[in-house]
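Engineer: Can you look at this prediction? I've put the sequence above it.
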There are 2 protein chains.
Amino acid sequence: MARPKEFDPTSTLDRAMDLFWRQGYEATSLADLERHLGIGRQSLYDTFGNKIDLYRQALDRYSTVPVSYLLSRLEAGGAHAIRGFFHRLIDYQAQANPPACFMVNSAIEVAPRDTQVRSRVTEHLRRLDAGFRTAFERAQAQGYITASGLEDPQAAARLLTCTTLGLLVAAKARVPVDILRQTAEIALVAVGIPSGDYS
Amino acid sequence: MARPKEFDPTSTLDRAMDLFWRQGYEATSLADLERHLGIGRQSLYDTFGNKIDLYRQALDRYSTVPVSYLLSRLEAGGAHAIRGFFHRLIDYQAQANPPACFMVNSAIEVAPRDTQVRSRVTEHLRRLDAGFRTAFERAQAQGYITASGLEDPQAAARLLTCTTLGLLVAAKARVPVDILRQTAEIALVAVGIPSGDYS
DNA sequence: ATTTTTCTTGACTATTAGATCAAGAACTGC
DNA sequence: GCAGTTCTTGATCTAATAGTCAAGAAAAAT
């Protein structure tokens, strides 16, 4: 043991996550990282390895913090939780430069060329799908699913996962937030979760 | 008039489209372009301008060739055409490295930083939505839409557009093609287009 | 207090990127 | 056949990139 780091690696990783999330991998230079993380280049290499290593760790951080937060609420609830999921998802995109989803961005930009990133994206899609399935099953058990909705929880989950991905692409293209909300509402109605106010 | 070009600008642009479509903007270097297009660098600059100009032209080419092909069939048909659209869309992703959709890729990687690309993406989304709306209205008029489906053509179009974007993200993440097909089928059923074999 | 380890700082390197220059080749029109 | 224009080729330029080196600063352990 000797001199301790002057920065907190965890909160620094959070900042790297934010930056990669907003700008993508290639568009983020080491100079950007130094500036935005507030640490020197050598500290960055000592702590996180090289650029792609840092990116992967940022992606893992994304998985364990914002994603886990959203998914835990989804898995714990039913119809109400599914609506809340989309509500929160879209609310976060209501900014001048919507960052969309770090996983979706990675799926397009990095996953095709990086096996490790690709497997993280695959795992993320699996989690999302499972979360929707669980929540939909609970919603069914609670009698919340209307007759015109889908019967198969797996089918509902597939559609909701796909809708989520589509909404995030649209958000990145700056489709107005109220259209995103409408679209989410349509998907909810389509799987059998009737309209209702947000909470 | 003087010496004519030794290459065909149009087919060369097609190759640029393929390359950018598969690899994205940043991951495609000028050396890649020279090699893949089979022309020298100066010819490239003389004919297409700089790299981002070429990218924008490739995107326009994408709009006018493959996209227009798919959309013309969509606008001309009804329920059958909507199913055919997804069929063709997904079939094209059945390769080792699915290229997904040039517009979706652009929406994520380039649109946030390039106004001109962003407006092309926005226009594309509008076209896609309008195509689905037209086809859905015709399907309704032909009595193809089941009672449990959506009534509002605009709502159906929103959901189908969003599903399309989501499917393409999934394709890029190498979600198996049979799952993409299932998901598309679920979306079709959800809007009121009952199962049926492809044509 | 000294030693030892680790961290920080900033200069540095090598490579690659996109873009340009210049000279010679090739074709059209007169 | 000649003049004029355009194309092609390959070398070159400049800026920016990811990554490294080395020296000095700071803290912990003895």
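Structural biologist: Cool, the structure landed.

Engineer: most centrally placed residue in chain A?
Structural biologist: residue A:101 (4.5 Å; Cα atoms, centre = their mean).

Engineer: Mind naming the longest helix for chain A?
Structural biologist: helix A:115-141 (DSSP state H).

Engineer: elements contacting that helix?
Structural biologist: helix A:51-62, helix A:68-76, helix A:79-92, helix A:102-109, helix A:153-172 (3 or more Cβ pairs under 8 Å, 6 or more residues apart in numbering or on different chains; DSSP states H and E). Yep, even glycine has a C-beta here, placed from its N, CA and C like the rest.

Engineer: Minimum distance to residue A:178: which of those helices has it?
Structural biologist: Between residue A:178 and the helices and strands packed on helix A:115-141, the shortest gap by Cβ to Cβ is with helix A:79-92, which sits at 9.4 Å.

Engineer: Just the buried residues of the closest one, please?
Structural biologist: Residues of helix A:79-92 classed as buried: A:79-86, A:89-90 (neighbour count, 16 or more other Cβ atoms under 10 Å in any protein chain shown).

Engineer: Tell me the residues of chain A that contact DNA strand D?
Structural biologist: Contact residues (Cβ under 7 Å from any atom of the strand) of chain A with DNA strand D: A:1-4, A:28-31, A:41-42, A:45, A:50-52.

Engineer: ok, of the residues you listed, which come out buried?
Structural biologist: By 16+ other Cβ under 10 Å, the residues of chain A next to DNA strand D give A:28, A:51 as buried.

Engineer: which one of the residues of chain A next to DNA strand D is nearest residue A:166?
Structural biologist: residue A:28 (25.2 Å).

Engineer: dump the residue contacts of residue A:144.
Structural biologist: Contact analysis of residue A:144 by Cβ atoms under 8 Å, 6 or more residues apart in numbering or on different chains lists A:78-79, A:193.

Engineer: Give me the nearest residue to residue A:148, chain neighbours excluded.
Structural biologist: In space, and not counting its chain neighbours, residue A:148 is closest to residue B:148: 4.4 Å by Cβ to Cβ, 6 or more residues apart in numbering or on different chains.

Engineer: what's near enough to touch the one you found?
Structural biologist: Taking Cβ under 8 Å, 6+ apart, one finds A:147-148, B:192 in contact with residue B:148.

Engineer: got a markdown table for the residues you listed, with pLDDT too?
Structural biologist: Shown next, in a markdown table, are the contacts of residue B:148 (pLDDT from 0 to 100):
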| residue | pLDDT |
| --- | --- |
| A:147 | 90 |
| A:148 | 88 |
| B:192 | 96 |
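
Engineer: for those, which one is nearest residue B:135?
Structural biologist: Using Cβ to Cβ, residue B:192 is the member of the contacts of residue B:148 that lies nearest residue B:135, at 12.5 Å.

Engineer: Could you point out which residue ranges in chain A have low pLDDT?
Structural biologist: A:1, A:196-199 (pLDDT under 70).

Engineer: Tell me the secondary structure at the residue in it positioned nearest to DNA strand C.
Structural biologist: Chain A approaches DNA strand C most closely through residue A:2 (2.7 Å), counting by Cβ to the nearest atom of the strand. The local conformation at residue A:2, judged by DSSP: H, G, I helix; E, B strand; the rest coil, is coil.

Engineer: Next one: it relative to residue A:12, how far apart?
Structural biologist: Per Cβ to Cβ, to the nearest Å, residue A:2 is found 20 Å from residue A:12.

Engineer: same question, residue A:94
Structural biologist: According to Cβ to Cβ, residue A:94 stands 27 Å off from residue A:12.

Engineer: Same check on residue A:70?
Structural biologist: For residue A:70, the distance to residue A:12 - Cβ to Cβ - is 23 Å.

Engineer: More neighbours: which of these two?
Structural biologist: Applying other Cβ atoms under 10 Å in any protein chain shown to residue A:70 and residue A:12 shows that residue A:12 carries more neighbours, namely 21 against 18.

Engineer: surely that one meets residue A:37?
Structural biologist: Yes. With contact defined as Cβ atoms under 8 Å, residue A:12 reaches residue A:37; the gap is 5.1 Å.

Engineer: what are the phi and psi values for the residue nearest to residue A:7 when sequence neighbours are not counted?
Structural biologist: Distances taken as Cβ to Cβ, 6+ apart place residue A:39 nearest to residue A:7, at 5.3 Å, with adjacent residues excluded. Torsion angles at residue A:39 (phi, psi; degrees, to the nearest 10) stand at phi -130, psi 160.

Engineer: wait, residue A:39 sits on residue A:11?
Structural biologist: No. Using Cβ under 8 Å, residue A:39 is not in contact with residue A:11, being 10.9 Å away.

Engineer: Compare those two (neighbour count), which wins?
Structural biologist: The neighbour comparison of residue A:39 against residue A:11 (other Cβ under 10 Å) goes to residue A:39, with 20 against 10.

Engineer: need the contact list for that one.
Structural biologist: Shown in contact with residue A:39 (Cβ under 8 Å, 6+ apart): A:7, A:12, A:47.

Engineer: now residue A:129
Structural biologist: A:157-158, A:161.

Engineer: For residue A:179, see how far away residue A:138 is.
Structural biologist: From residue A:138 to residue A:179 the distance is 29 Å (Cβ to Cβ).

Engineer: More neighbours: which of these two?
Structural biologist: Of the pair residue A:138 and residue A:179, residue A:138 is the one with more neighbours under other Cβ under 10 Å, namely 20 against 16.

Engineer: Please name the nearest non-neighbouring residue to the more buried one.
Structural biologist: Counting by Cβ to Cβ, 6+ apart, the residue nearest residue A:138 is residue A:78, at 4.0 Å.

Engineer: Can you give me the neighbour number for that neighbour?
Structural biologist: The burial count for residue A:78: 21, using other Cβ under 10 Å.

Engineer: Next, give phi and psi for it.
Structural biologist: Backbone geometry at residue A:78, expressed as degrees, to the nearest 10, gives phi -120, psi -130.

Engineer: Do I have it right that it meets residue A:143?
Structural biologist: No. The pair residue A:78 / residue A:143 is not scored as a contact, 9.7 Å apart, by Cβ under 8 Å.
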